[in-house]
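**Student:** test case, fold it:
(one chain, ligands or ions: 1)
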Amino acid sequence: MVTAIVGANWGDEGKGKITDHLSNTSDIVVRFQGGSNAGHTIINEYGKFALHLLPSGVFCKNVTNVIGNGVAVNVDELDKELKMLKDSGIPDPNLIISDRAQILMPYHILLDIYEEERLSSKKFGSTKSGIAPFYSDKFAKIGIQINELFANAENLKQHLKNIIEVKNVLIRHLYKKEEIRFEEVFDKLMYYKEILTPFVQDTSNFLQNAIKDNKKILLEGQLGALKDTDFGIYPMVTSSNTIAGYASVGAGIPPYEIKEIIAVVKAYSSCVGTGDFVSELFGDEADTLRKLGGDCGEYGATTGRPRRVGWLDLVATKYGCKMQGATCIAFTVLDVLGYLDEIKICTGYEINGKVTNKFPTPSKLSQSKPIYEVFKGWKCDIREISNYNDLPYECKKYIEFVENQIGIPIKIISNGPSRQSIIYR
Ligand code: GDP
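**Tutor:** Model prediction:
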């Protein structure tokens, strides 16, 4: 049984928490796209962690964690994260990494930084983790697959020389920075080889066999549908496909094996980086929600940047769930809204005088104005509740309205940051 856990919004929906929770009853957790450019916050019996590259199953000793071929493997970050787990007293995780995954190189990070610098006021708000240059290289066929480290060294040297020649033209002429040196980059690759050696495998083969053996597999998405390269708010998106449809490519399994797709929907909106955000809040209202949001405020798990916050946007969320192909919803961070007298939900956009509930193409987003419905708040703490029927009436009304509007069952409710704060319906 293969289940994908993916974001319906702009990321930071709480996918890590849901994955960590479901890992307990699963055999395998797979990361299939993105790199260490976003973080998953996990709070469990070991403490609080921000994972960037490792799958969220690393806390369960019976789980095999897979970094699939679709992931941008930043080996320095991987090493750092593994050390962080060790230092926190967590047993070494079962980890395997695809021999077809590509390596995120130090020059990808440099190029990301230089490009943001060059764009200046028009910058994307990149996390400067090298993700856009990495995926550009992958599709331009000048990336480095992990298996190359274990093959003919002369071929690898030739490949790398060719890449560096191209990179140095950009670095010298466009960015006017110091060129990168072949020897340094090659030595770094050999160092990466040492770190990667214990983990490298044909993970697609491993997963296809696991499917035959009826293992329980979770595919863990990074970011959300609205950051997907094709279906998100382009160009303010990430440089990989965040939708569940891509998971079969990024993990190397047949698409028809993904039987369940859990779209994680946040009870209010949050977004990092620039880009149109129709239901965004500003001023005091935003500051209060930002301060009370998440487990200790809405600040990026990777960058610490304050997240932009807003009301739940059902136009965007319904579209996000549709593009994910959601079979059910996990509705998260609901407890955070307990301080509000009134809660708004954006149910439509007004674009040039016309109201629509269809999410527009990115070029129309800046003309979209939110239409809101107002709900009475429940004004209490719901974190200790474990039974749906025990939730306050106004809270259930809020959940059921969202469910009816999206038209997909909300089966899981997350009412607190810790692993056990979950209500099943
Ligand atoms: P992810 O990338 O989708 O895993 O999300 P992040 O970890 O970046 O952000 C989600 C934030 O919400 C983190 O601070 C979590 O600890 C927190 N969180 C997750 N679920 C809940 C919840 O139900 N209630 C509260 N208060 N916080 C939650």
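
**Student:** avg pLDDT for stretch 14-30?
**Tutor:** In this model, stretch 14-30 has a mean pLDDT of 94.

**Student:** what residues are up against the residue nearest to Val265 when sequence neighbours are not counted?
**Tutor:** If the residues on either side of it in the chain are set aside, Val265 comes closest to Ala8, at 4.7 Å by Cβ to Cβ, 6 or more residues apart in numbering. Glycine gets a C-beta too; all of them are placed from N, C-alpha and C. For Ala8, the contacting residues are 224-225, 263-265, 317, 320-321, 324, 326, 329, by Cβ atoms under 8 Å, 6 or more residues apart in numbering.

**Student:** how about TSV for those residues, with secondary structure and distance to Asn37 added?
**Tutor:** Converted to TSV, those look like this (DSSP: H, G, I helix; E, B strand; the rest coil; distance: Cβ to Cβ, whole Å):
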residue	secondary structure	distance to Asn37
Gly224	strand	13
Ala225	helix	17
Ala263	strand	21
Val264	strand	18
Val265	strand	22
Thr317	helix	23
Gly320	helix	19
Cys321	helix	23
Gln324	helix	20
Ala326	coil	24
Ile329	strand	25
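
**Student:** contacts with the ligand among these, please.
**Tutor:** The subset of the contacts of Ala8 within reach of the ligand, counting by Cβ under 6 Å from any ligand atom, is empty.

**Student:** out of the residues you listed, who's the most crowded?
**Tutor:** Each of the contacts of Ala8 was scored for neighbours by other Cβ atoms under 10 Å, and Ala263 scores highest at 33 neighbours.

**Student:** and the residue nearest to it when sequence neighbours are not counted, what does it touch?
**Tutor:** Distances taken as Cβ to Cβ, 6+ apart put Ala326 closest to Ala263, at 3.5 Å, once the chain neighbours are dropped. Ala326 makes contacts with 6, 8, 261-263, 408, as judged by Cβ under 8 Å, 6+ apart.

**Student:** what residue in the stretch 51-200 of the chain comes nearest to the ligand?
**Tutor:** Nearest to the ligand in the stretch 51-200 of the chain, going by Cβ to the nearest ligand atom, is Ser56, at a distance of 7.6 Å.

**Student:** can you pull the pLDDT of that residue?
**Tutor:** On the pLDDT scale, Ser56 gets 91.

**Student:** what about it? Give its phi and psi, please.
**Tutor:** Main-chain torsions, Ser56, degrees, to the nearest 10: phi -80, psi 10.

**Student:** that one against Leu22, yeah?
**Tutor:** No: applying Cβ atoms under 8 Å, one finds Ser56 not in contact with Leu22, separated by 9.0 Å.

**Student:** between these two, which is the more surrounded one?
**Tutor:** Each of Ser56 and Leu22 has its neighbours counted (other Cβ under 10 Å); Ser56 has more, 28 against 22.

**Student:** tell me, how many residues neighbour the closest residue to the more buried one other than its chain neighbours?
**Tutor:** Of all residues not flanking Ser56 in the chain, Thr19 sits nearest, at 3.9 Å (Cβ to Cβ, 6+ apart). Counted by other Cβ under 10 Å, the residues lying close to Thr19 total 27.

**Student:** for Thr19, what are its contacts?
**Tutor:** 5, 29, 40, 55-57, 218, 220.

**Student:** which of these fall within helices?
**Tutor:** Using DSSP state H, no member of the contacts of Thr19 sits in helices.

**Student:** and Ile171, helix, strand or coil?
**Tutor:** Under DSSP: H, G, I helix; E, B strand; the rest coil, Ile171 falls in the helix class.

**Student:** what's the spacing between the residue nearest to Ala263 and Gly221?
**Tutor:** According to Cβ to Cβ, to the nearest Å, Ala326 stands 11 Å off from Gly221.

**Student:** shared neighbours, those two?
**Tutor:** Residues touching both Ala326 and Gly221 by Cβ under 8 Å, 6+ apart: Val6.

**Student:** ok, the closest residue to Pro235 other than its chain neighbours - how many residues close by?
**Tutor:** Among residues not flanking Pro235 along the chain, Phe124 sits closest, at 7.0 Å (Cβ to Cβ, 6+ apart). Neighbours of Phe124 under the rule other Cβ under 10 Å: 18.
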